[in-house]
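Student: mind folding the following:
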Amino acid sequence: MLTAPPRSGRINSGSINSVWIKAAQAALLAIAVCFSLGASDSGSRIDSLGHRLMCTCGCAQLLGECDHYGCPSRSDELATLSSAIASGQSDQQIMDSFAAKYGVTVLAAPRTQGFDLVAWIAPFAVFAAALLGTILLVRRWSGKPDAQAATPVSRDTSLSPQERERLEQIRRETGAEGGL
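Tutor: Okay, here's the model as predicted:
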């Protein structure tokens, strides 16, 4: 609580510091309450886990978004998910139980351990290889032309006069400048 400053014009710094400390504590308490409201809601956990699992009916949609009419799997999977949450299982335990029951294809994203790690690394490796190949190809295309290609065929001294005249006639008829 703020008190009136003494008549001397000096403000008690201890009282101002305690006010700021109490205000900071109240703000932290309010923030903690706001975050804890969503943490205990089972509906948000169902939504979160439903977007990390695939529907097993074959529609290739996330469990939380499977919308095709008469889905035979969605209601059973959501009931299993709700009962697992109600029994107090952690998210990882639920994911593991779904993977054990339906196979690892039920997971929307591959795990980050073992051989599944390849699914995370492979796209970046393929992109890097394609980028390197493109760089090498562009460098090769922009390099100096071959010495043979740069030398016009019509000036080749190993050709007979008849061959040179025939090449010159072809060049005139086709409009080709340089060699063939």
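Student: got any ranges where this protein has weak pLDDT?
Tutor: Flagging of the chain using pLDDT under 70 yields the residue ranges 1-16, 33-42, 144-157, 176-180.
Student: how does it divide up, domain by domain?
Tutor: Following automatic domain parsing, one finds the domains of the chain at 13-109, 117-174.
Student: could I get these as a markdown table with mean neighbour count?
Tutor: C-beta: built from backbone N, CA, C; applies to glycine. Shown next, in a markdown table, are the domains of the chain (neighbours: other C-beta atoms under 10 Å):
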| stretch | mean neighbour count |
| --- | --- |
| domain 13-109 | 13 |
| domain 117-174 | 10 |
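Student: which stretches of this structure form helices?
Tutor: Using DSSP state H, the helices of the chain run over 13-39, 42-50, 74-86, 91-102, 117-142, 147-150, 161-174.
Student: how far does the second one sit from its chain's centre?
Tutor: The gap between the average C-alpha position of helix 42-50 and the chain average comes to 22 Å, counting by C-alpha atoms, centre = their mean, to the nearest Å.
Student: next one: stretch 120-130 to chain centre, how far?
Tutor: Between the centre of stretch 120-130 and the centre of its chain there are 13 Å (C-alpha atoms, centre = their mean).
Student: next one: stretch 119-135
Tutor: Its chain's C-alpha centre and that of stretch 119-135 lie 14 Å apart, by C-alpha atoms, centre = their mean.
Student: CA atoms only for that stretch - export them in CSV, please.
Tutor: What follows is stretch 119-135, C-alpha atoms only, in CSV (Å, rounded to 0.1, in the frame of the first residue of the first chain):
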residue,chain,number,x,y,z
ALA,A,119,13.0,-40.3,-42.6
TRP,A,120,14.1,-37.0,-41.0
ILE,A,121,17.6,-36.9,-42.6
ALA,A,122,16.9,-38.2,-46.1
PRO,A,123,15.0,-35.2,-47.5
PHE,A,124,17.8,-32.8,-46.4
ALA,A,125,20.5,-35.2,-47.8
VAL,A,126,18.6,-35.5,-51.2
PHE,A,127,18.3,-31.7,-51.4
ALA,A,128,22.0,-31.2,-50.6
ALA,A,129,23.0,-33.7,-53.3
ALA,A,130,20.7,-32.1,-55.9
LEU,A,131,22.0,-28.7,-55.1
LEU,A,132,25.6,-29.9,-55.4
GLY,A,133,24.8,-31.7,-58.7
THR,A,134,23.2,-28.5,-60.0
ILE,A,135,26.2,-26.4,-59.0
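Student: one step back: tell me which of the helices of the chain lies nearest to Cys57.
Tutor: Within the helices of the chain, the stretch nearest Cys57 is helix 74-86; the backing value is 6.8 Å (C-beta to C-beta).
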